[in-house]
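# pasting the sequence and the predicted coordinates here, then a few questions.
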Amino acid sequence: MSTTVAPDRETRKAKAPRPVVTDRARAENRLGQRLVAPAVVLMLIVTAWPMGQALYLSLFRYRLTAPDDREFVGLGNYWTVLTDQLFWQDTVNTLLIMIITVSVELVIGFTFAMVMHKIVFARGVIRTSILIPYGIVTVVSAYAWQFAFSLNNGFINGWLPFVPDDYNWFESHWPAMFAIMVSEIWKTTPFMSLLLLAGLAQISEDMIEAAKVDGATWWQRLYKVILPNMRAAIMVAVLFRALDAFRIFDNIFVMTKGAADTESSSFLTYRQVIEQVQLGLGSALSVLLFLSVLLIAFLIVRLFKVDLAQARGEG
Amino acid sequence: MSTQPRSLLRRARPALAVAGVLAVASGVLAACGGDDSSTGAADLVWYINPDAGGQDKIAENCTKQSNGEYSISTQVLPQDAGQQRIQLARRLAAGDPEIDIMSLDPPYTAEFAAAGYLAEIPSDLQSKFEDQAFKSAVDAATWDGALVVAPFWSNTQVLWYRKSFVEKAGLDMSKPVSWDQIITAAADNGGTVAVQANKYEGYSVWVNALVSGAGGEIAIDTEKGADATITIGSQAGEDAAKVVEELAGSSAAPSDLSVSNEGTAATSFASDSGAFMVNWTFIWNNYGEDRLDNDIGFAPYPETVQGEESRPPYGGIGLGVSAFSEHKDAAMKAIECLTTPENQGINAELTGNMPSSAAGYDYPPLAKLYDPKLLALFQQSLERAAPRTVSPYWSDMSGAILSTWHPPSGVGDNTPKESATFMEQVLQGESLL
């Protein structure tokens, strides 16, 4: 059986004749530009200026509490960072957290989305219950999970067979990473399922009905009809969550403070800029973090081959 | 045209609105700080570390005693000393005049002084503070040959033990004991030795005490700033690593060793297997009137090397005046008042944070609250205490220790040398921390 996908809007648009721009449309366009101008200026002040400042600072060896020792080092800070084992270790940690949590969230989130989509009784209650973790502040959920895994007052050790009661989850790398990822997954799966639910709701029942009539099994309908038609929604969900997961900070800050080599790239940047007040090195890290986020966004968009404007329902 | 003035007005409206908002805001902000012009008293703002009300009480006392010269209000800083440093440093780096007096943790005093955040204390006041305070308190408050903060309260660690346990183990606590002795005694008798070994400042405190106890230092020539000579890789560092390694590999290590702090150590000590603990003076008040059925004993801090007198950790708070304060003279008078032995005593009575001067210990209510032998031990410990390396780069040094010495189970023979190399690289900006 072949894959059934709704016709691509992009192709339809390409074939349509180029619309004539009227004076009225042009005037409205100008008005629109004037209306967004203050917001754009504000955005430039609060985002572009600090970004430019970070770029500039990253070229100096500069410690906030030793302003007299400020020294221009060119790309020296970038060299220090990129040749440092800690940077790569933290990058690997961050990527691992991103890949594992987003994959697990995608599977669980999809199941939840199906449940929320199909459920006929107590729909409101079930949808709300699934969304509760997302409504909880991350710091609160991180503390809750830290207490749960704690060997002094936690319940996880008692519940899990083969785990001794005095097992310290935060002593070594993998168990600590596991605890952090569990907290992250619990907290953000509802967000994933919400985005996927929106995608599910967009699939025409007719297509599924037609596949059913053609004799497609449940799995075939899922793989050949539902998933391909949800590609844009899945991409948005994966993109948002991946970028979010790549910037993970609060769970680690609360649960381990970066101990047991559980530090992420954001946490490393925070420590350099805020704790060590190394504005130069920290700014270099911030710039690299920003570039990494851009790269990940680019790769995900390329991987799913979806037009972002189309995914947002524009065009 | 008749419509022109109106359209001009319409165009000017947003600008007028902004001007109006600014005018109101500036009025409101102006009312927030500065002198209390009705009384002529300088309004001093004192940034304090959280406590049980001791600092508020003496701020009130000094305000009364100043006869209207100044009034002190307090603002509470975060609980964590590192966060206190960050908040103050960021505001002072921006030249914030709203901070007049601050309660500073000793390890960050040198950093603030070197950065020019602290107003110079007049020499007569410096001499007065130096004369009244314990030597360790003066050492921790001195940078570049001058006293930069007024020692306010001083803390030290002692060895706490369960009397029933040492009786069972047959350990003579009337003489100083070494780390090796207590670890062995605890391991042989099913007990634990509680310390602070989470990845936080408390662990650096322990490592510093162990290194100092073996006659060494983490760094020397610290006046050279980032070019200080790192000496943690010396024999003293190796002796310290041996202690950490011995405890981490022994059954005397509590299961939560790698995440233990002052609070969890206190809990481990109170549990059935609790035998020994090193912890600050205030922990005495943690166990209520009952003191675990009167089972808590205390002794000098354990020796790193048997027979060599220990150097207990030093902690506490010094009072500094901000270089950006608009009321420096009044603030100097205020810190003189806040650190009188009597006020140190009142603070100790309310908070358990002990005085930084021998005279403060004479405050009568303290004798009712504490066993006289314990008060004597605290003072003896403060005389011997080793402050953390006084350097503007202590936070980097401490971070480098935590990166290489944590978790305690990973500490081995090479750890001191590795940490020395790493610390040098960090100070030179060649390595990330």
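Yes, it's here.
# run through the residues that contact the closest residue to chain B within the stretch 1-150 of chain A.
Going by CB to the nearest CB, chain B is nearest to residue A:65 of the stretch 1-150 of chain A, at 4.1 Å. Heads up, the C-betas are built off the backbone N, CA and C, glycines and all. Listed by CB atoms under 8 Å, 6 or more residues apart in numbering or on different chains, the contact set of residue A:65 reads A:277, B:89, B:93, B:111, B:112, B:114, B:115, B:117, B:392.
# for it, which non-adjacent residue is closest in space?
residue B:115 (4.1 Å; CB to CB, 6 or more residues apart in numbering or on different chains).
# got the residues of chain A near chain B?
A:61, A:64-67, A:69, A:77, A:80-81, A:84, A:86-87, A:151-152, A:166-168, A:170-172, A:256-260, A:268, A:271-272, A:274-278, A:280-281 (CB under 8 Å from any CB of the partner chain).
# only the buried subset of those, as a ChimeraX command please.
Buried residues among the residues of chain A next to chain B (16 or more other CB atoms under 10 Å in any protein chain shown), as a ChimeraX selection:
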select /A:61,64,65,66,77,80,81,84,87,151,152,167,168,170,171,172,256,257,258,259,260,268,271,272,274,275,276,277,278,280,281
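# so which of the contacts of residue A:65 are in helices?
The helices, defined by DSSP state H, take in B:89, B:93, B:111, B:112, B:114 from the contacts of residue A:65.
# so which of the residues you listed reach chain A?
B:89, B:93, B:111, B:112, B:114.
# how about the residue of the stretch 1-150 of chain A closest to chain B, phi and psi?
Main-chain torsions, residue A:65, degrees, to the nearest 10: phi -90, psi 0.
# show the pLDDT at it.
Per-residue confidence (pLDDT) for residue A:65: 87.
# and if you look at residue A:309?
So, for residue A:309, pLDDT stands at 59.
# over to residue B:7?
On the pLDDT scale, residue B:7 gets 52.
# hang on, the earlier thing: export the ones in helices among the contacts of residue A:65 to CSV and append columns for neighbour count and pLDDT.
CSV is the format used below for the ones in helices among the contacts of residue A:65 (neighbours: other CB atoms under 10 Å in any protein chain shown; pLDDT from 0 to 100):
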residue, neighbour count, pLDDT
B:89, 20, 94
B:93, 16, 93
B:111, 24, 93
B:112, 25, 95
B:114, 21, 92
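# picking up where we left off before, sitting in helices, which of the residues of chain A next to chain B do you find?
A:77, A:80, A:81, A:86, A:87, A:268, A:280, A:281.
# what's the farthest-apart pair in the ones in helices among the contacts of residue A:65?
B:93 and B:114 (12.8 Å; CB to CB).
# pLDDT below threshold where in chain A?
A:1-19, A:306-315 (pLDDT under 70).
# thinking again about what came up before, and of the ones in helices among the contacts of residue A:65, the nearest to residue B:403?
Out of those, the member with the shortest distance to residue B:403 (by CB to CB) is residue B:111, at 18.9 Å.
# now the closest one: closest residue in space that isn't a chain neighbour?
In space, residue B:111 is closest to residue B:392, 4.3 Å off (CB to CB, 6+ apart).
# now residue B:427
Closest to residue B:427 by CB to CB, 6+ apart is residue B:226, at 4.4 Å.
# for the one you found, the count of nearby residues, please.
When neighbours are defined as other CB atoms under 10 Å in any protein chain shown, residue B:226 has 17 of them.
# my read: it touches residue B:426, true?
No: judged on CB atoms under 8 Å, residue B:226 makes no contact with residue B:426 at a distance of 9.1 Å.
# got the residue ranges for the strands in chain A?
Ranges of strands within chain A are A:60-61, A:71-72, based on DSSP state E.
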